[in-house]
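Engineer: For reference, the sequence and a predicted model appear below.
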Amino acid sequence: MCGITGYTGINQAGPILLEGLRRLEYRGYDSAGIAIQSEKSAETENGSAPASSIKMLKATGKVSHLVEKFEAEPDFKGVCGIGHTRWATHGIPSDTNAHPHLSADGKFAVVHNGIIENFAEIRAELQKYGIEFKSETDTEVIVQLLAYNYKGNFKKALMKTIARLTGSYAIGVISDEYPGTIFAAKQASPLIIGVGIGENYFASDITALVSNTKNVIDLDDGEVAEITPDEVKVFDHTGKEIDKEIRHINWDIASAEKSGYEHFMMKEIMEQPQALKATIEPRIKCETLNCGDTDLSIVFDEIKGLDMKKFNRVHITACGSAYHAGCVGRSIIESLCKIQVEAEVASELRYRDPVMDDKTLVIVISQSGETADTIAAMKECKYKGATVLAIVNVVGSSIAKLADHCIYTWAGPEIAVATTKGYTTQVAVLAMFAVWAAGELKTISHGAYTSLILDIMHLPERAQRALDLNTKVKKMADKYYDNQSLFFIGRNMDYAVALEGSLKLKEISYLHSEAYAAGELKHGTIALIEPGRLVVALCCYEKLFEKTVSNIQQVKARGAEVLAVAHEGNRSIFQEADDVLLVPQTDALLVPVIEIIPLQLFAYYVAKKNGCDIDKPKNLAKSVTVE
Ligand code: M6R
């Protein structure tokens, strides 16, 4: 939610900031802006010194609009600046509300990601001192308060200012009195510093920096960084300088590029076999025994200290697709570990006063590792004494750091707002965790344990075969794209996939779509079924196939058209559905990893056919760092 970036060095900051914003645009795209400490030569028309050397450019809409404005301003020059791409929280998307925001005296400019909860109180106080506010944003209080607190020492003023803020922030600030210096600070919103040679950067995440540097410093909550071209100094909340480690990122630039694909979403859908392989392979141990047989096991080096015998229940929490992965995880863990498992959306759990204690294992799932509701829920669970295990994709993210234990999905950077490889690798980790935990708890036979591991090892290749449905799915999308209201139905694992398939479709195509447990339709929703409605019936969970077929017959009797997804080898489905997509067979507990793939492709092609902006769907942002 909002992307921020900054640069100080010897090169022109404008193009570097705009490139960073282009890469961060998936975090928000309703307006964008940059501020630059202009070069000494930049003077006012009559030759006198400018009132402020900070120059700003802002544009409502996408970063491309800002680029157009920038290209029309050849004098917009300077080697130190900050930039922002916005997902509006306070005030409509407009040039005035776009960041950066400037202090009334024009001496400071700030970019901010997060929410200042006590902004109204600070704003009222500053207004009493005669300070005029230009925007409706919460952010503007930061820069006005900073200017108010400034008595000749930038760092001191900033520390005093952030001590007054409540809520979440990652900020970058420049001042016209400190050429080449950027200050950055963070609390509960992501911010990393990129370390270069003779030039340094900051950004909300590595995608903005990876083309310039792979050496980063993770700023932690409460810390402040002073960034100049040659040096990065980090201070704790008391102002004491601290040593920070430089982390080397191994992402290559291709990870942050479309690599020939029209959209990141398609690239990421296609990357799933590789992402699954990277997530699964390092955790499978294959030993050759004396007798010549091989022994397979799951090894999670990262959770060695986690004693499963300590827990009498598991609670899974997350948001959106990560929650849907959690619903799958609930069934797998419960089935294999014979332990009570609940799954709940984090935005509900955080306010529900759930019953849990030190015998509860809480599994939080998040691709970004920065989702505000998930962070709040996990804090609540920790407060109640639960042990928190996080399943996260972004290394070093807030959730990864806050958790007691963390398993990373190795999906690589996910840029498209609609998650695809993020989701499938989460399910793969949950499946591996369930098998591992069942082994620890001795609730699984050796045969079942080995057979499941073998099936897990086959997931990348089966995902690849599911991707071969690409052309066929496109034809289905061409046929059904103008259905204004769709239903996804399924039972058990198929129902969990229905939830995810439906979300995928609605978030990028804006079509009304609902997921229902197939048996639940007749309790009300079937009233909405009428001739021509498309019902996507998920039929891979074979134990309940006949039951789902009954539900298919019920909707067909009312005129619905049915597109079914079933396992290869299932011939009877052809008698029931209008169209069928067959996916490779896998263990019932692993069905979601494979079955979701045609649904991701379906959502993609339906959205494309409807002319939607697939990577940047309206009203959404990739990383939801606000409540
Ligand atoms: O980064 P997270 O996994 O915590 O994000 C959770 C949800 O915001 C996310 O899955 C969202 O639902 C996606 N847009 C779905 O494609």
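Structural biologist: Yes, it's here.

Engineer: how much space is there between the residue nearest the centre of the chain and residue 526?
Structural biologist: The C-alpha lying nearest the average C-alpha coordinate of the chain belongs to residue 368 (Cα atoms, centre = their mean; 3.7 Å). To residue 526, residue 368 is 37 Å away according to Cβ to Cβ, to the nearest Å. Every C-beta, even on glycine, is put in place using the N, C-alpha and C of the backbone.

Engineer: Next: residue 95.
Structural biologist: Distance from residue 95 to residue 526, by Cβ to Cβ: 49 Å.

Engineer: Next: residue 301.
Structural biologist: From residue 301 over to residue 526 the distance is 50 Å, taken as Cβ to Cβ.

Engineer: Looking only at neighbour counts, state which of those two leads.
Structural biologist: Between residue 301 and residue 526, counting by other Cβ atoms under 10 Å, residue 526 is the more crowded of the two (17 against 8).

Engineer: in its sheet, what does the helix or strand bottoming out on mean pLDDT in the chain sit against?
Structural biologist: Ranked by mean pLDDT, DSSP states H and E, the weakest helix or strand in the chain is strand 284-288, scoring a mean of 88. Strand partners for strand 284-288, identified by DSSP bridges, are recorded as strand 294-298 (antiparallel).

Engineer: so how far is the strand it pairs with from its chain's centroid?
Structural biologist: 33 Å (Cα atoms, centre = their mean, to the nearest Å).

Engineer: Can you list the buried residues in that strand?
Structural biologist: Within strand 294-298, the residues scored as buried using 16 or more other Cβ atoms under 10 Å are 296, 298.

Engineer: Leaving out the residues flanking it, which one is nearest to residue 271?
Structural biologist: residue 421 (5.4 Å; Cβ to Cβ, 6 or more residues apart in numbering).

Engineer: residue contacts, that neighbour?
Structural biologist: By Cβ atoms under 8 Å, 6 or more residues apart in numbering, the contact list for residue 421 reads 268, 269, 271, 272, 275, 276, 411, 412, 414.

Engineer: Do you know the pLDDT at residue 575?
Structural biologist: We have a pLDDT of 95 for residue 575.

Engineer: you'd agree it is in a strand?
Structural biologist: No: according to DSSP: H, G, I helix; E, B strand; the rest coil, residue 575 belongs to no strand; its state is helix.

Engineer: Give the burial count for it, as a bare number.
Structural biologist: For residue 575, the neighbour count with other Cβ under 10 Å is 8.

Engineer: go on, residue 533?
Structural biologist: Around residue 533 there are 18 residues (other Cβ under 10 Å).

Engineer: Go ahead and list the helix or strand containing residue 447.
Structural biologist: helix 446-467 (DSSP states H and E).

Engineer: Against which helices or strands is that helix packed?
Structural biologist: Counting contacts by 3 or more Cβ pairs under 8 Å, 6 or more residues apart in numbering; DSSP states H and E, helix 446-467 is packed against helix 272-280, strand 284-288, strand 294-298, helix 421-441, strand 579-583, helix 591-609.

Engineer: which stretch among those comes nearest residue 142?
Structural biologist: Residue 142 sits nearest to helix 421-441 of all these, at 31.5 Å, using Cβ to Cβ.

Engineer: How about the closest one, which residues are buried there?
Structural biologist: For helix 421-441, by 16+ other Cβ under 10 Å, it's 421-439.

Engineer: Would you state the strands of the stretch 1-150 of the chain in chain order?
Structural biologist: Ranges of strands in the stretch 1-150 of the chain, per DSSP state E, counting those that start in this stretch, are 3-8, 31-37, 54-60, 80-86, 101-102, 108-116.

Engineer: can you tell which of these is closest to residue 338?
Structural biologist: strand 108-116 (42.2 Å).

Engineer: by contact count, what packs against that closest one?
Structural biologist: Short answer (3+ Cβ pairs under 8 Å, 6+ apart): strand 108-116 packs on strand 3-8, strand 31-37, strand 54-60, strand 80-86, strand 101-102, helix 140-149, strand 167-175.

Engineer: Please work out which of those is packed deepest.
Structural biologist: Most buried of the helices and strands packed on strand 108-116, by mean neighbour count (mean count of other Cβ atoms under 10 Å): strand 3-8, with a mean of 32.

Engineer: closest point of this protein to the ligand, which residue?
Structural biologist: The nearest approach of the chain to the ligand comes at residue 320, 1.9 Å away (Cβ to the nearest ligand atom).

Engineer: residues in contact with residue 27?
Structural biologist: Contact analysis of residue 27 by Cβ under 8 Å, 6+ apart lists 1, 2, 3, 85, 87, 113, 204, 205, 621, 622, 623.

Engineer: thought residue 285 was touching residue 299?
Structural biologist: Yes: shown here, residue 285 and residue 299 form a contact pair, counting by Cβ atoms under 8 Å, at 4.7 Å.

Engineer: Can you pull out the low-pLDDT segments for the stretch 151-300 of the chain?
Structural biologist: Applying pLDDT under 70 to the stretch 151-300 of the chain flags no residue at all.

Engineer: and what of the chain?
Structural biologist: For the chain, applying pLDDT under 70 flags the ranges 1, 39-52, 626.

Engineer: Show me which residues of it sit near the ligand.
Structural biologist: Counting by Cβ under 6 Å from any ligand atom, the chain comes close to the ligand at 319-322, 366-368, 371, 374, 417-419, 503, 507, 623-624.

Engineer: Only alpha carbons, please: show the host helix or strand of residue 380 as CSV.
Structural biologist: Per DSSP H and E, residue 380 falls inside helix 372-383. C-alpha atoms of helix 372-383 as CSV (Å, rounded to 0.1, in the frame of the first residue of the first chain):
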residue,chain,number,x,y,z
ALA,A,372,-1.5,-5.1,8.6
ASP,A,373,-4.4,-7.3,9.7
THR,A,374,-2.2,-10.4,9.8
ILE,A,375,0.5,-8.6,11.8
ALA,A,376,-2.1,-7.4,14.3
ALA,A,377,-3.7,-10.9,14.6
MET,A,378,-0.3,-12.5,15.2
LYS,A,379,0.5,-10.0,17.9
GLU,A,380,-2.8,-10.7,19.6
CYS,A,381,-2.0,-14.5,19.5
LYS,A,382,1.5,-14.0,20.9
TYR,A,383,0.1,-11.8,23.6
